[in-house]
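Asks: what follows is a predicted structure for the sequence shown.
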Protein chains: 2
Amino acid sequence: MDVSQLFSQRARAGVDPELAIILAGPPPGTLGMTGGFPNADAFPQEELTEITARLVRDEPGLALQYTASAGIPSFREYLVERTARLQGREPAYEELMVTSGGMECLDLLCRSLLDGGDPVAVEGPTYLGAIMAFRDYGAQVHGVPMDGDGLEVDWLRERLDRGFRPKFLYTIPEFQNPSGRTLSLERRRALIELCRAYGVLIVEDVAYRELSFDGSSLPSLWSLGPDVVVQAGTFSKIFCPGTRLGWAIGPAPLIAQLSSAKGGTDQCAGALGQRMVEEYGRAGLFGKRLPHARALYESHWVALSAALCRHMPEGVAWSEPTGGMFTWLRMPEGLDARSLRPAATEAGVAYVPGAPFYVDGGGANEMRLSFSSLDERSLAVAAERLAGVIEEALSSSATAATAPR
Amino acid sequence: MDVSQLFSQRARAGVDPELAIILAGPPPGTLGMTGGFPNADAFPQEELTEITARLVRDEPGLALQYTASAGIPSFREYLVERTARLQGREPAYEELMVTSGGMECLDLLCRSLLDGGDPVAVEGPTYLGAIMAFRDYGAQVHGVPMDGDGLEVDWLRERLDRGFRPKFLYTIPEFQNPSGRTLSLERRRALIELCRAYGVLIVEDVAYRELSFDGSSLPSLWSLGPDVVVQAGTFSKIFCPGTRLGWAIGPAPLIAQLSSAKGGTDQCAGALGQRMVEEYGRAGLFGKRLPHARALYESHWVALSAALCRHMPEGVAWSEPTGGMFTWLRMPEGLDARSLRPAATEAGVAYVPGAPFYVDGGGANEMRLSFSSLDERSLAVAAERLAGVIEEALSSSATAATAPR
């Protein structure tokens, strides 16, 4: 039997080959600025050792058992309190549920909202996993351009005025993956008003929200417009990915639908992880540990930023993240980040080319650099190597341009 | 904004209301034989306390991090060895992957195999979650009748001879949910041959396989026909559900596709749980603990079985499981398990009506009784109460039948 003959249309469509390259990790011998994994030095293993042992020993009937699809009630209550404290607005209990990480929340949203052919709006560039998820459900994905202040709300207004009606707009307002950019407060307010006027649901992905270098934060979109926003959060970047946990906050009928859909994915998020995060949080350990994670990523960025300034040739620009794990680098027009990859591998540095993060072309001369994993010294070397590759490409293209035909 | 206006067709279709009743738990004041939760007394919390603390403390970079979608390599290797030992056939490394429980494996199979309108064959009755999953992907689900030896292979042969071509056949060969029946060895061999001849993929759900009362087992379908079977397994019943872990074993191209699809669900199963099961298994603790779980469920069944024999009126029959957590009870024709529910609640006993477990009608006079949660004494009381309800219904219907018109 040739099982591949049995594959569904979505299976035959396959995945973006760039994802396979990212998942395979940087080529051997290179300094990799490719992945978006959080740095394991920021994981709270000491605090968790005692908590986890206690839960397994004392609460097997709860921490090792199935849970309701929406999550363990005490954990949902803790998340309600935490949201009120961190976002200045308290969701109702029925407006919040537990998910198995941020990506699963996007999957539940797709199941609940998308029929084949539905239009969806995303930032250009945006998270590759989101593009793939939306397309996997047959959505027509449209890009909204960004500048240094995040997605261009005026551009979106013009399209909505002219009749564009996406099922939802997907945005990562803080330290965006991949661009590192943050949506300004003024634009947040304008976006909420605009989407409310046109009845467009906003899907707000706050994966990096709590990782600002200075600990500050702008109001979340959900806190500004709880009637038109569903927020997808994850504990992967501020706790650890190993327990697969996140949350969704939004209008109660949508949360009820997402919970129902979760019965068909993994039935419930792992109870042990839910109780781990709850105990960790109620002991005040997020407040104790997050400053360490923020300082770690800031120190990495400072090192990378200094090396980019020192080594990059004229005409190369990059975003200035104030948190998170990514910067977005633009080379002069005409250079192609995919074509440069063999030279970069040769030089011992790896990045992710920009084009796959756009849904409608563009980004050939752009790339994502992650500063989460490499230490400061390695980031400086990686930037210098990358600068050398770009410089070489620029001088070859200059030679080519002036060469006699 | 009325978000429910935005719901997709599959969301509007909703879920079987019986599922909501099951998930809500038995009515207050009743002895519930409703749920399929494993008994927490069978969870290995003592052994796990030390293992879990050690993993969190010593391996944060592995046990708290993301993993490859197919699972942590060392855990996959352990599962390969374990399968060889328990099923007498060793899968290749590429033929096995880690899932986030058995239900997620079914979801990955649906994504990978089903287009709208595809026919799928299931046992009648079968697992409600599977019926919902297949229908959620637009499948046309057809039932194959069962008798005491499991699904009727001759019946299936006749349909295949006449042109029926399901995308796959879903079966739970051991101590089936909901019927408690086990597929005989002779039928296993015949089923493999039949499906191989017609190119029909078999999805084998082995959720209860290791819970035979006497520790014995028949050859798995996968071991008999690795070319035509994909096996979905779960650690929820033999370890605990709190870490959301299972496995898929099947032809390598299908496993590669399922792993790729998992990038769009939760990206990977939780690393901590994967390492917990691996360490637990490598320490030989499954072999130590499983006899305890088997003895517990057997003792429950013995108590329930004795009480059914003692109290049930003539004309009531039930399956004789040799493992697992369920028996399937059939009342005389004319009685309706749904209609009897108010009287049962009144009498202080709860069960799951049989009809929702069938895809094409029938089962009105049948019901599922779970013996996993209640203790021996409570099961005996529950059976006596249920017998009283049925007896009462029989005598009313006899009265109605002989009453003057």
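Replies: Alright, I've got the coordinates.

Asks: going by C-alpha atoms from here, please, whenever you check contacts or count neighbours.
Replies: OK.

Asks: residue of the stretch 151-300 of chain A closest to chain B, please.
Replies: The minimum distance from the stretch 151-300 of chain A to chain B, using C-alpha to the nearest C-alpha, falls at residue A:242 (3.8 Å).

Asks: chain center to stretch A:2-15, what's the gap?
Replies: Put simply, stretch A:2-15 sits 28 Å off its chain's centre (C-alpha atoms, centre = their mean, to the nearest Å).

Asks: so for it, what gets flagged as buried?
Replies: Neighbour-count burial for stretch A:2-15, counted by 16 or more other C-alpha atoms under 10 Å in any protein chain shown, picks out A:3, A:6-8, A:10-11, A:15.

Asks: how far is the worst-scoring helix or strand of chain A on mean pLDDT from where the chain is centred?
Replies: When each helix and strand of chain A is scored by mean pLDDT, DSSP states H and E, helix A:17-23 comes last, with a mean of 77. What separates the centre of helix A:17-23 from the centre of its chain is 16 Å, taken as C-alpha atoms, centre = their mean.

Asks: report the buried residues of the lengthiest strand in chain A.
Replies: Secondary structure of chain A per DSSP state E: the longest strand is strand A:140-147. Within strand A:140-147, the residues that count as buried by 16+ other C-alpha under 10 Å are A:140-146.

Asks: the residue of the stretch 151-300 of chain A closest to chain B: what's it in contact with?
Replies: Taking C-alpha atoms under 8 Å, 6 or more residues apart in numbering or on different chains, we find residue A:242 in contact with A:236, B:63-67, B:270-272.

Asks: how about residue A:110?
Replies: Counting by C-alpha under 8 Å, 6+ apart, residue A:110 touches A:133-134, A:137.

Asks: quick one: the strands in the stretch 251-400 of chain A?
Replies: A:317-318, A:326-330, A:349-350, A:352-353, A:366-370 (DSSP state E, counting those that start in this stretch).

Asks: which among those is found nearest to residue B:121?
Replies: Residue B:121 lies closest, by C-alpha to C-alpha, to one member of the strands of the stretch 251-400 of chain A: strand A:352-353, at 44.0 Å.

Asks: sheet partners, orientation included, of the closest one?
Replies: Strand A:352-353 sits in its sheet next to strand A:366-370 (antiparallel), going by DSSP bridges.

Asks: okay, the angle between the partner strand and strand A:326-330?
Replies: Orientation check (axes from the mean of the first three to the mean of the last three C-alpha atoms, to 10 degrees): strand A:366-370 against strand A:326-330 gives 150 degrees.

Asks: okay, strand A:366-370 in PDB with CA atoms only?
Replies: Extracted C-alpha coordinates of strand A:366-370, given in PDB (Å, rounded to 0.1, in the frame of the first residue of the first chain):
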ATOM      1  CA  GLU A 366      15.500  41.100   4.300                       C
ATOM      2  CA  MET A 367      16.300  38.600   7.000                       C
ATOM      3  CA  ARG A 368      15.500  37.700  10.600                       C
ATOM      4  CA  LEU A 369      18.200  37.600  13.200                       C
ATOM      5  CA  SER A 370      17.400  36.000  16.500                       C
END
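
Asks: and residue A:26, that one's in a helix?
Replies: No - assigned with DSSP: H, G, I helix; E, B strand; the rest coil, residue A:26 falls outside any helix and is coil.

Asks: so which of the contacts of residue A:110 are in helices?
Replies: Per DSSP state H, helices hold the following members of the contacts of residue A:110: A:133-134.

Asks: as TSV, the contacts of residue A:110 with neighbour count and distance to chain B would be great.
Replies: Converted to TSV, the contacts of residue A:110 look like this (neighbours: other C-alpha atoms under 10 Å in any protein chain shown; distance: C-alpha to the nearest C-alpha, whole Å):
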residue	neighbour count	distance to chain B
A:133	22	6
A:134	26	10
A:137	18	10
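
Asks: residues in contact with the residue nearest the centre of chain A?
Replies: In chain A, the centroid-proximal residue (C-alpha atoms, centre = their mean) is residue A:177; its distance is 4.6 Å. With contact set as C-alpha under 8 Å, 6+ apart, residue A:177 has these partners: A:126-127, A:326.

Asks: want to throw those residues into TSV with neighbour count?
Replies: Putting those into TSV (neighbours: other C-alpha atoms under 10 Å in any protein chain shown) gives the following:
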residue	neighbour count
A:126	24
A:127	21
A:326	28
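
Asks: so residue A:328 touches residue A:319, yeah?
Replies: Yes - using C-alpha atoms under 8 Å, residue A:328 makes contact with residue A:319 at a distance of 5.4 Å.

Asks: mutual contacts of the two, please.
Replies: Joint contacts of residue A:328 and residue A:319 (C-alpha under 8 Å, 6+ apart) are A:179-180.

Asks: quick one, which of those two is more surrounded?
Replies: residue A:328 (24 against 17; other C-alpha atoms under 10 Å in any protein chain shown).

Asks: what sits against that one?
Replies: With C-alpha under 8 Å, 6+ apart, residue A:328 has these contacts: A:178-180, A:318-319, A:366-369.

Asks: quick one: which of those has the most company?
Replies: Most surrounded of those: other C-alpha under 10 Å gives residue A:179, at 33 neighbours.

Asks: assign it to helix, strand or coil.
Replies: coil.

Asks: kindly report the same for residue A:121.
Replies: strand.

Asks: quick one: low-confidence ranges for chain A?
Replies: Counting by pLDDT under 70, chain A contains low-confidence ranges at A:401-405.

Asks: domains in it, by residue range?
Replies: Domain segmentation of chain A under automatic domain parsing yields A:13-36+A:289-397, A:45-286.

Asks: dump the ones you listed to a markdown table, plus distance to residue B:344.
Replies: Formatted as a markdown table, these follow (distance: least, C-alpha to C-alpha, whole Å):
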| stretch | distance to residue B:344 |
| --- | --- |
| domain A:13-36+A:289-397 | 51 |
| domain A:45-286 | 25 |
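
Asks: return the most buried member of those domains.
Replies: Burial of the domains of chain A is given as mean neighbour count (mean count of other C-alpha atoms under 10 Å in any protein chain shown); domain A:45-286 ranks first at a mean of 21.
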